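# here are the coordinates; sequence isn't available:
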Ligand SMILES: C[S@@+](CC[C@H](N)C(=O)[O-])C[C@H]1O[C@@H](n2cnc3c(N)ncnc32)[C@H](O)[C@@H]1O
């Protein structure tokens, strides 16, 4: 039988078990579990363990000193990012809901991060991001409004230094990005985002199958 190649490769039951194992490979501490509980109560979807682990790894890989996050939530992704960043690194995190950010502030403190490691900016992302410095960030993590993902991409390209990394959470949209014949607007926007990132001449992309899909791309130097 011909060996399967590339896109033809079958996904087996064993692989699903392995992926479930991978998703909990990086253990989460009490502060993360507390932030997850607050997110659950507020009806907010936080990143999975596996996505959190990938964010830590990526922040460490780019030796991140400055990270911008769109969508603080109750702080789950922020704690993972802070764990991967340099010890003197600062996370700038934006959310339109200041109450969520209060939970995130408590969670960061419970996780052992000093107050000066995070800058909380309340407000709509597309009003806040233009105020952040050009080329001032090593990593931009986008987990806000999916309808705005193409605007986040444009802002991220401006905010990132050469060699910096942009990541988008939730690009699988629970399987709808690949499956839905007549997709809702948010899925159509995610498809446009995937195409724009894949076809960009200034980005080196990869789509990581962790959590609900983590689209990552390095801005060429
Ligand atoms: C999926 S949650 C973020 C979860 C968080 N990253 C985590 O893993 O803990 C999305 C967040 O984006 C915020 N949000 C939605 N639309 C926004 C916008 N236009 N500007 C800023 N924040 C927005 C919501 O208030 C919500 O807290």
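Thanks, I have the structure now. This is a predicted model, so every value here is computed, not measured.
# Across the sheet, point out what pairs with residue 91.
Assessed by DSSP bridges, residue 91 has beta-bridge partners residue 67, residue 118.
# again, but for the one 4 residues further on
Following DSSP bridges, residue 95 is listed with bridge partners residue 122.
# Model confidence score at it, please.
On pLDDT, residue 95 comes in at 98.
# Tell me which residue in the chain sits closest to the ligand.
residue 73 (2.7 Å; CB to the nearest ligand atom). Heads up, the C-betas are built off the backbone N, CA and C, glycines and all.
# Checking my notes, that residue in a helix, right?
No - per DSSP: H, G, I helix; E, B strand; the rest coil, residue 73 lies outside any helix segment and is coil.
# List phi and psi for it.
Main-chain torsions, residue 73, degrees, to the nearest 10: phi 60, psi -140.
# What residues does it make contact with?
35, 39, 44, 45, 46, 95, 100, 104, 143 (CB atoms under 8 Å, 6 or more residues apart in numbering).
# Could you pick out the residues of the protein near the ligand for me?
Contacts of the chain with the ligand, taken as CB under 6 Å from any ligand atom, map to 39, 44-47, 71, 73-77, 94-97, 100, 124-125, 143-145, 148.
# Now the buried members of the residues you listed.
The neighbour-count test (16 or more other CB atoms under 10 Å) marks 39, 44, 46-47, 71, 73-77, 94-97, 100, 125, 143-145, 148 as buried among those.
# Surely residue 125 is in contact with residue 154?
No - taking CB atoms under 8 Å as the definition, residue 125 is not a contact partner of residue 154, at 11.8 Å.
# quick check: longest helix of the chain.
helix 185-199 (DSSP state H).
# starting at the chain centroid, how far to that helix?
Distance of helix 185-199 from its chain centroid, counting by CA atoms, centre = their mean, to the nearest Å, is 16 Å.
# same question, stretch 18-37
15 Å.
# go on, stretch 38-54?
Using CA atoms, centre = their mean, the offset of stretch 38-54 from its chain centre is 11 Å.
# Could you check that stretch and say which residues are buried?
Buried residues in stretch 38-54, counted by 16+ other CB under 10 Å: 38, 39, 44, 46, 47, 48, 49, 50, 51, 52, 53, 54.
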